[in-house]
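Undergrad: Build me a structure from this.
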Amino acid sequence: MPDKANRRRFIAGAVCPRCASMDKIVVNLDTDQRECVACGFSEERPDPGQVIAPVGETGRLREVPTRVSRPAARRMETPAEAITLIDPGEDGK
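TA: Below is the predicted model of the structure:
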């Protein structure tokens, strides 16, 4: 039976922000603390109650602004236009 005091798992594909080593990040499942086994870098996951959220949406994470998620990008609507297809081989007949 696994040791209950040390429930740790490696995160596949994770890259350490300090030493850039891949597959060296381990997470403690009880405390949500991440640690790099190569360089010793360590960080804790923020508590959802402490996350800064937009006004009126307490406790929710903010969406990262991208060119797709900007309100201006969503508002732009291309109007539909009717077109006529012409066969170029008919020479106007």
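Undergrad: and the gap between the closest residue in space to residue 36 that isn't next to it in sequence and residue 44?
TA: The spatially closest residue to residue 36, leaving aside those adjacent along the chain, is residue 16, at 4.1 Å (C-beta to C-beta, 6 or more residues apart in numbering). The C-beta positions use only the backbone N, C-alpha and C, and glycine is treated the same way. From residue 16 across to residue 44, the span is 15 Å (C-beta to C-beta, to the nearest Å).
Undergrad: The two: who's more crowded?
TA: Neighbour count, other C-beta atoms under 10 Å: between residue 16 and residue 44, residue 16 has more, with 19 against 11.
Undergrad: My guess is that one contacts residue 25. True?
TA: Yes. Here residue 16 lies in contact with residue 25, judged by C-beta atoms under 8 Å, at a distance of 6.0 Å.
Undergrad: what residues are shared contacts of these two?
TA: Shared contacts of residue 16 and residue 25 (C-beta atoms under 8 Å, 6 or more residues apart in numbering): residue 36.
Undergrad: which residues of the chain fall in strands?
TA: Ranges of strands in the chain, per DSSP state E, are 8-10, 25-28, 33-36, 42-44.
Undergrad: What average pLDDT does stretch 22-39 get?
TA: Computed over stretch 22-39, the mean pLDDT rounds to 91.
Undergrad: Tell me which residues touch the residue nearest to residue 10 when sequence neighbours are not counted, please.
TA: Distances taken as C-beta to C-beta, 6+ apart place residue 26 nearest to residue 10, at 5.3 Å, with adjacent residues excluded. By C-beta under 8 Å, 6+ apart, the contact set of residue 26 is 8-11, 34-37.
Undergrad: Which pair of the residues you listed spans the longest distance?
TA: Greatest spatial distance in the contacts of residue 26: 9 and 36, 14.0 Å, computed using C-beta to C-beta.
Undergrad: In terms of neighbours, single out the busier of those two.
TA: residue 36 (20 against 10).
Undergrad: What residues are recorded as beta-bridge partners of the more buried one?
TA: For residue 36, the beta-bridge partners under DSSP bridges are residue 25.
Undergrad: quick one: it from residue 24, how far?
TA: Taken as C-beta to C-beta, the span from residue 36 to residue 24 is 5 Å.
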